[in-house]
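[1] what follows is a predicted structure for the sequence shown.
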Amino acid sequence: MKKIKLEISGLSYSQTQAGAYALVLGEIRGNRTLPIIIGGFEAQAIALELEKMKPSRPLTHDLFKTFADSFEIKIKEVIIHSLKEGVFHAKMICVKDENEIEIDTRTSDAIALAVRFNCSIYTYEEILSSSGIVLSEDEIGDSPIEVKEEVPIEEASEDITKLSIKELKSELNSALEKEDYERAAALRDKINMFKDK
């Protein structure tokens, strides 16, 4: 079967499932997207890596990356290969000493690792045909990555609305040290709002 390359197009709080996130993978050469519902921990792991935010201690996916690097294991690619009873199934193609090994994995974990290993993400035509959504060019937008967090800035902490950019950066570092990633995300969004002005 021919593989179709995907990229992360968006990550946002799921409007249909409480506590879940919608990860949207877009076809590189096309206008179809593949929306996948994932858990909060995996969404956080993906968002932190996409935003290049470093937690004070490594998350599970960071630990896996360090472990694999230590033993010279690389993830060559991730393939979302099937959809069974509404659940996407994926595998990682790992390489060590020119030997390839396929490892079964949850799709959300595979994507969290793919962004850390900077490897390609693929699916098959039958998956995109049956579960993909076609978007118009207006809906796709200019930015390939739009990360939206679960908690709006005002709800996360009202005190941050009055902070200067310097204070926000200091609070962001403090939140990362305390592993308060929801607050860190809200602070990052507020900092980005300053940059956009």
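    Yep, that arrived. Numbers count the residues shown, from 1 in each chain.

[2] ok, now which ones touch the residue nearest the centre of the chain?
    Geometric centre of the chain, nearest residue: Ile46, 3.0 Å, by C-alpha atoms, centre = their mean. Listed by C-beta atoms under 8 Å, 6 or more residues apart in numbering, the contact set of Ile46 reads Ile8, Leu11, Leu23, Ile38, Ser108, Ile111, Ala112, Val115. For glycine as for every other residue, the C-beta is placed from the backbone atoms N, C-alpha and C.

[3] what would those look like in TSV with secondary structure, pLDDT and distance to Glu98?
    As requested, the contacts of Ile46 are exported to TSV (DSSP: H, G, I helix; E, B strand; the rest coil; pLDDT from 0 to 100; distance: C-beta to C-beta, whole Å):
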residue	secondary structure	pLDDT	distance to Glu98
Ile8	strand	95	29
Leu11	strand	89	34
Leu23	strand	92	32
Ile38	strand	93	32
Ser108	helix	96	29
Ile111	helix	97	26
Ala112	helix	97	26
Val115	helix	97	25
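
[4] give the ChimeraX command for selecting the buried subset of those residues.
    A single ChimeraX command suffices to select whichever of those are buried according to 16 or more other C-beta atoms under 10 Å:
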select :8,11,23,38,108,111,112,115
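
[5] which SSE is immediately downstream of the helix or strand of the chain with the lowest mean pLDDT?
    Least confident helix or strand of the chain, by mean pLDDT, DSSP states H and E, is helix 153-156 with a mean of 35. Per DSSP states H and E, the first helix or strand lying C-terminal to helix 153-156 is helix 165-177.

[6] what about that following helix, distance to the chain center?
    22 Å (C-alpha atoms, centre = their mean, to the nearest Å).

[7] could you give the mean pLDDT of that helix?
    Mean pLDDT, helix 165-177: 79.

[8] just to revisit the earlier point, list just the nearest of the contacts of Ile46 to Ala185.
    Leu11 (11.0 Å; C-beta to C-beta).

[9] name the element the residue nearest to the centre of the chain belongs to?
    helix 40-50.

[10] now do the contacts for the residue lying closest to Glu42 once chain neighbours are set aside.
    Take Glu42 and drop its neighbours on the chain: the residue closest to it by C-beta to C-beta, 6 or more residues apart in numbering is Ser108, 3.7 Å away. Ser108 makes contact with Leu23, Ile36, Ile38, Gly39, Glu42, Ala43, Ile46, according to C-beta under 8 Å, 6+ apart.
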